[in-house]
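Visitor: could you look at this predicted model? Sequence included:
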Amino acid sequence: MNHRTFKVLAAAGTLLVLAAAGCTNTTEQPKSTVTAANIFNDPNAYQQLLARVYAGLAISGQQGPAGNPDIQGIDEGFSQYLRLYWECEELPTDAAVIAWGDIGLPEMNTMTWTSSSRMVVAMYYRIELQATMANEFLRQTTDAVLASRNVSTPLKAQIHTWRMEARFLRALSYWHGLDLFGNIPLVTENDPIGGAPPKQAKRADIYAFVVAELNAIKDSLPTWGAANLGRANQAAAHMLLAELYLNAGVYTGTANWTGALTEASAVIATPGLALDPSWRHIFEANNQNSSEVIFPVESNGSYTQTYGGVTFIAHAGCGGFMQASWYGIDYCWGGTRLKQQAYNLFSPGDGRYSFVYDSLAEKDSTAAQRSRDSISIGPDTAYSSGINGLCPGAKGCTAKWTSVDSTMSNSVTQISNYQNGAAYPKFTNLTSLGAAGSNPTFVDTWFPMFRLSEAYLIYAEANLQGGGGSQAIALGYVNALRERAYGGATGDITGAQLTLPFILAERGRELMWEAHRRTDLVRFGEFTGNSYLWAFKGGVVGGAGTDAHYNLYPLPATELVANPNLTQNPGY
């Protein structure tokens, strides 16, 4: 199956109609002109339906970048699943800020959202729609249903594997749902369409369901490897279990560090998986060839055209004096920058800092161009010149340049000013050889939802928390990541330095911009409260303590009206 093309044709529209029947909010209005009575006359419909479930993570509607959205009531570009998830995980934290004032974004920057905030509401319905589509695929592929349609034996065998993939995709979205929103409805293929509004499930019960699902399917999924690029696979199931167990204390009140370490170990032992020799390659337009990416959200400039996903991440991270051509795109949107707390996580010599575009250094456009030429084609160890090299910006070379604008700063003190804060163009639409992607507007770069380096970090954190394993192995995993980043052993740490605060900071460096930060800060007890402040936390320039109820997003106010079985999260 080639999921990269997502050729869902008429089947997609019918699936969305069926999906909408299971939703309780009228803002979801997918459309179709075909019916369930004839859709399965074509045996390819089953593959197309599964492709549409995958595509739910990557696209925003039925016809391309805009014009026939899956979700109403929000600009289609803003409504895309990955874009919303990235914003929910990065914008309220110490990592990112976005300069735009579009409805729904200011409160994401400042942790002041409500049950009517546009991005929060849209994220909830994206998760609900994704789970509903997976459920409908499962309803249409039971043994009894397939027998009634006289489906051939070979196709039945293939569909059995596809059912495992659909269950994985549903588990992924339910993980997002329980992590972001807590107690949400748990609907499966066994629940009738058009019945009473679904009941609310406890967070711990959803956790238990997802864990049980993954344990039931993990050995029946395809193996990880080149033959199954982009598909749910056994390593991805182990990785999702590791994520669940890593956060079990938050979700259920009972930690499971042993489970997290065991599942991370299973990922690490996957044949063929290996750290990519070039950290930069993981975020380039040919990253589908990376040995490290376990499960991606796919992008293709011709077939998955959306203003969300990595198209959003790449374009929004470019602005000011930066030139779009440096990143293989056609236009800089001038949106996202690093907050100073994230900027200060990096030390001189750390190649992961090479992504940072320092506003204070932008005056020297020649040096900037030279730097971009260097880093777009070479391995990580080649970053030695220009403002993005081993002597970058305020990390040691600031005195070489003077600011051309008094508002330029590596600290975010004005959200709306793109020159205020360092840019972080981590994802580009250039290949590792410097060639531009197939389309400068819609990027080819895949988003690594899961990758091997995080399994290393999960192992280390679980070991420190008493989950078993070996401290020597944990230290070796962390130093392997740092040796790649530093181009040698100069960044290695000792066993005494391997502490939980170090792990949180290292996750910030290694996984920056990859939609993990909010979940990490919640797990470490740092997301709310006043023990750790960052720019605009709580709506204050220097940061202010926030109430613990912000550890969860609110259920949409519209959903509470539509479904009387729901109770709002405390504090909203």
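Guide: Nice, I can see it.
Visitor: going forward, measure contacts between C-alpha atoms and count neighbours the same way
Guide: Fine.
Visitor: which residue ranges of this structure form strands?
Guide: 96-98, 293-297, 336-338, 447-451 (DSSP state E).
Visitor: just the C-alphas of the last one, formatted as CSV.
Guide: It refers to strand 447-451. Extracted C-alpha coordinates of strand 447-451, given in CSV (Å, rounded to 0.1, in the frame of the first residue of the first chain):
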residue,chain,number,x,y,z
PHE,A,447,7.0,14.6,10.5
PRO,A,448,8.6,12.0,12.8
MET,A,449,5.8,11.3,15.3
PHE,A,450,8.1,8.7,16.8
ARG,A,451,11.8,8.2,16.3
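Visitor: which strands or helices does that strand pack on?
Guide: Identification of packing neighbours for strand 447-451 by 3 or more Cα pairs under 8 Å, 6 or more residues apart in numbering; DSSP states H and E yields strand 293-297.
Visitor: neighbouring strands - and their directions - for the strand it packs on?
Guide: strand 447-451 (antiparallel) (DSSP bridges).
Visitor: quick one: the strand it pairs with to chain centroid distance?
Guide: 7 Å (Cα atoms, centre = their mean, to the nearest Å).
Visitor: who are the contact partners of Arg482?
Guide: Contact partners of Arg482, counting by Cα atoms under 8 Å, 6 or more residues apart in numbering, are 350, 489, 491-492.
Visitor: Thr528 and Ala248, how far apart?
Guide: Relative to Ala248, Thr528 is positioned 19 Å away (Cα to Cα, to the nearest Å).
Visitor: list the buried residues of stretch 54-73.
Guide: For stretch 54-73, a neighbour-count test (16 or more other Cα atoms under 10 Å) marks 54-62, 64-66, 68-71 as buried.
Visitor: quick one: mean pLDDT over it.
Guide: If you average the pLDDT over stretch 54-73, you get 92.
Visitor: distance of Thr528 from Trp86?
Guide: Counting by Cα to Cα, the gap from Thr528 to Trp86 is 19 Å.
Visitor: low-confidence ranges, the protein, go.
Guide: 1-37, 359-408 (pLDDT under 70).
Visitor: need the contact list for the spatially most central residue of the chain.
Guide: With distances taken as Cα atoms, centre = their mean, the chain has Ala515 as the residue nearest its mean C-alpha position (4.4 Å). Contact analysis of Ala515 by Cα under 8 Å, 6+ apart lists 85-87, 89-90.
Visitor: from those, pick the one nearest Thr558.
Guide: Using Cα to Cα, Tyr85 comes nearest to Thr558 of the contacts of Ala515, at 19.9 Å.
Visitor: could you identify which of the strands of the chain is most buried?
Guide: strand 336-338 (a mean of 30; mean count of other Cα atoms under 10 Å).
Visitor: contacts for that one?
Guide: Under Cα under 8 Å, 6+ apart, the answer for strand 336-338 is 95-99, 316-318, 412, 418, 421-424.
Visitor: ok, 6 Å please
Guide: 95-98, 316-317, 421-423 (Cα atoms under 6 Å, 6 or more residues apart in numbering).
Visitor: centre of the chain to it, how far?
Guide: The answer for strand 336-338 is 16 Å, by Cα atoms, centre = their mean.
Visitor: what strands line up against it, and which way round?
Guide: strand 96-98 (antiparallel).
Visitor: gap between the strand it pairs with and the chain center?
Guide: 15 Å.
Visitor: which residues sit against that strand?
Guide: For strand 96-98, contacts defined as Cα under 6 Å, 6+ apart pick out 90-91, 109, 335-339.
Visitor: swap in stretch 492-503?
Guide: Asn479.
Visitor: one more time with 8 Å
Guide: 457, 460-461, 464, 471-472, 475, 479, 482-483.
Visitor: how about it: buried residues?
Guide: Buried residues in stretch 492-503, counting neighbours by 16+ other Cα under 10 Å, are found at 492, 498, 503.
Visitor: of the residues you listed, closest to Phe209?
Guide: Ile503 (29.0 Å).
Visitor: gap between that closest one and Cys88?
Guide: 22 Å.
Visitor: ok, so of the buried residues of stretch 54-73, who is nearest Gln130?
Guide: Gly56 (6.2 Å).
Visitor: quick check: closest non-adjacent residue to that closest one.
Guide: Leaving aside its sequence neighbours, Gly56 sits nearest to Gln130 (Cα to Cα, 6 or more residues apart in numbering; 6.2 Å).
Visitor: please verify my assumption that the one you found contacts Ala55.
Guide: No: in this structure, Gln130 is not within contact of Ala55 by Cα atoms under 8 Å, at 9.5 Å.
Visitor: could you dump the contacts of strand 336-338 to a markdown table with distance to Asn563?
Guide: Output for the contacts of strand 336-338, formatted as a markdown table (distance: Cα to Cα, whole Å):
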| residue | distance to Asn563 |
| --- | --- |
| Ala95 | 35 |
| Ala96 | 34 |
| Val97 | 34 |
| Ile98 | 33 |
| Ala316 | 36 |
| Gly317 | 38 |
| Gly421 | 43 |
| Ala422 | 44 |
| Ala423 | 42 |
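Visitor: show me the two of those residues that sit farthest apart.
Guide: For those, and using Cα to Cα, no pair is farther apart than Ala95 and Ala316, which are 14.6 Å apart.
Visitor: mind checking which of the two has more residues around it?
Guide: Neighbours were counted for Ala95 and for Ala316 using other Cα atoms under 10 Å; Ala95 has more, 25 against 22.
Visitor: show me what contacts the more buried one?
Guide: 338-339, 341-342, 512-513, 517.
Visitor: tally up the residues packed near the residue nearest to it when sequence neighbours are not counted, please.
Guide: Using Cα to Cα, 6+ apart and skipping residues adjacent in sequence, the residue nearest Ala95 is Ala342, 5.0 Å away. Using other Cα under 10 Å, Ala342 is surrounded by 19 other residues.
Visitor: before we move on, what about Ala269?
Guide: Neighbours of Ala269 under the rule other Cα under 10 Å: 12.
Visitor: list phi and psi for it.
Guide: Here is the backbone geometry of Ala269 (degrees, to the nearest 10): phi -80, psi 0.
Visitor: cool, and the one 3 residues further on?
Guide: The main-chain torsion angles of Gly272 are listed as degrees, to the nearest 10 and equal phi 90, psi -30.
Visitor: mind listing what it touches?
Guide: 225, 291.
Visitor: looking at the contacts of Arg482, which is nearest Leu186?
Guide: Closest approach to Leu186 among the contacts of Arg482 (Cα to Cα): Asp350, at 43.5 Å.
Visitor: how about the contacts made by the closest one?
Guide: Asp350 makes contact with 390, 482, 485-486, 491 under the criterion Cα under 8 Å, 6+ apart.
Visitor: let's see 7 Å
Guide: Contacts for Asp350 (Cα atoms under 7 Å, 6 or more residues apart in numbering) come out as 485-486.
Visitor: could you report the neighbour count for Cys340?
Guide: You called it Cys, but residue 340 is Gln. Around Gln340 there are 21 residues (other Cα under 10 Å).
Visitor: so what's it closest to, chain neighbours aside?
Guide: That would be Ser411: by Cα to Cα, 6+ apart, it lies 4.8 Å from Gln340.
Visitor: who touches stretch 172-187?
Guide: So stretch 172-187 is in contact with 127, 130-131, 198-203, 206, 552-555, going by Cα under 7 Å, 6+ apart.
Visitor: repeat that with 8 Å
Guide: So stretch 172-187 is in contact with 124, 127, 130-132, 135, 198-203, 206-207, 210, 240, 244, 251, 519, 552-555, 566, 569, going by Cα under 8 Å, 6+ apart.
Visitor: any of those residues buried? List them.
Guide: 124, 127, 130-132, 135, 198, 200-203, 206-207, 210, 240, 244, 251, 519, 552-555, 566, 569.
Visitor: between the strands of the chain, which one is nearest to Ile193?
Guide: Nearest of the strands of the chain (Cα to Cα): strand 293-297, 28.5 Å.
Visitor: which residues does the closest one contact?
Guide: Applying Cα under 8 Å, 6+ apart, the set of residues contacting strand 293-297 is 57-58, 224, 230-233, 235-236, 273, 282, 446-452.
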